[in-house]
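S.K.: coords below, sequence missing:
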């Protein structure tokens, strides 16, 4: 990497602080200093010659980029720490001293495939709503699942003023369905089912783009292959340009 100038939020993302969007929030909250002065402008230009600190910690762009696939069990939170002292998904990844962060989220009780990385550009591309990268879930419920609800979900359904839309579904039994989302929102699946008084027993993510959870046991993780990372980013770029 050369010493050319770049926007501050890009610098922080390449330093593995977080995704670009999160880095913008960090900057605007007054947590970043450039050459000893707090800056609130994500678009400020910096270079490798500048001294950039986050919460007093000196940061530099990473030379080695890390990409990890984790099988998150239910009962783990996607955060660096938790005020309620719940288990943190990041702590399942051992022998990785570099600062890494979760790429996207799974809620506390949802299990399945979750990426971690120190590459903010990768995170931004994979999680940005405009890329419409497919994410596949297996949902298990207590009551029978009306296929009419699934058809409405694919057509587009409004719940408490929020609009939700699935790309496709595949019934696997009266209580189980595979659902593919392109733009998953917070608690989306639970809200759609609860709108029909259907309690969700389990949500499990089995795929993100071209990467599946096959062969990865709960609580275990692996490094993504270079070809997998390239394929994911290629898929996201193509979908984002449509």
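M.R.: Arrived safely, thanks for sending. Model, not experiment: these values are computed from the prediction.

S.K.: quick one, helices of the chain?
M.R.: 8-14, 20-28, 120-127, 147-155, 188-194, 226-240 (DSSP state H).

S.K.: Now stretch 39-55: buried residues?
M.R.: Neighbour-count burial for stretch 39-55 flags 39, 42, 44, 46, 52, 54 (criterion: 16 or more other Cβ atoms under 10 Å). Where you see a C-beta, it was placed from the backbone N, CA and C, and this is true even at glycine.

S.K.: Okay, and which of those residues map to strands?
M.R.: 46, 52, 54 (DSSP state E).

S.K.: want to throw those into a markdown table with pLDDT and distance to residue 99?
M.R.: Output for those, formatted as a markdown table (pLDDT from 0 to 100; distance: Cβ to Cβ, whole Å):
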| residue | pLDDT | distance to residue 99 |
| --- | --- | --- |
| 46 | 95 | 19 |
| 52 | 96 | 14 |
| 54 | 95 | 10 |
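
S.K.: Which neighbouring elements make contact with the strand ranked longest in the chain?
M.R.: Ranked by number of residues, the top strand in the chain under DSSP E is strand 200-208. Judged by 3 or more Cβ pairs under 8 Å, 6 or more residues apart in numbering; DSSP states H and E, strand 200-208 is in contact with strand 111-117, strand 135-141, helix 188-194.

S.K.: Of these, flag the one that's most buried.
M.R.: Compared across the helices and strands packed on strand 200-208, strand 111-117 shows the largest average neighbour count, a mean of 23 (mean count of other Cβ atoms under 10 Å).

S.K.: What angle do strand 135-141 and that strand make with each other?
M.R.: Comparing the axes of strand 111-117 and strand 135-141 via axes from the mean of the first three to the mean of the last three Cα atoms, to 10 degrees yields an angle of 150 degrees.

S.K.: Against which helices or strands is strand 111-117 packed?
M.R.: strand 67-72, strand 101-103, helix 120-127, strand 200-208.

S.K.: Does anything pack onto the second one? Which helices or strands?
M.R.: So that's strand 101-103. strand 111-117, helix 120-127.

S.K.: picking that back up, want to throw the ones in strands among the buried residues of stretch 39-55 into a markdown table with distance to residue 76?
M.R.: A markdown table is the format used below for those (distance: Cβ to Cβ, whole Å):
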| residue | distance to residue 76 |
| --- | --- |
| 46 | 35 |
| 52 | 31 |
| 54 | 25 |
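
S.K.: Check what pLDDT the one residue sitting closest to the centre of the chain gets.
M.R.: In the chain, the centroid-proximal residue (Cα atoms, centre = their mean) is residue 104; its distance is 0.9 Å. You'll see residue 104 listed with a pLDDT of 92.

S.K.: Test of understanding: give the bridge partners of residue 71.
M.R.: residue 113 (DSSP bridges).

S.K.: wouldn't it be in contact with residue 211 here?
M.R.: No - using Cβ atoms under 8 Å, residue 71 is not in contact with residue 211; the gap is 11.7 Å.

S.K.: Identify the contacts common to the two.
M.R.: By the contact definition Cβ atoms under 8 Å, 6 or more residues apart in numbering, residue 71 and residue 211 are jointly contacted by residue 113.
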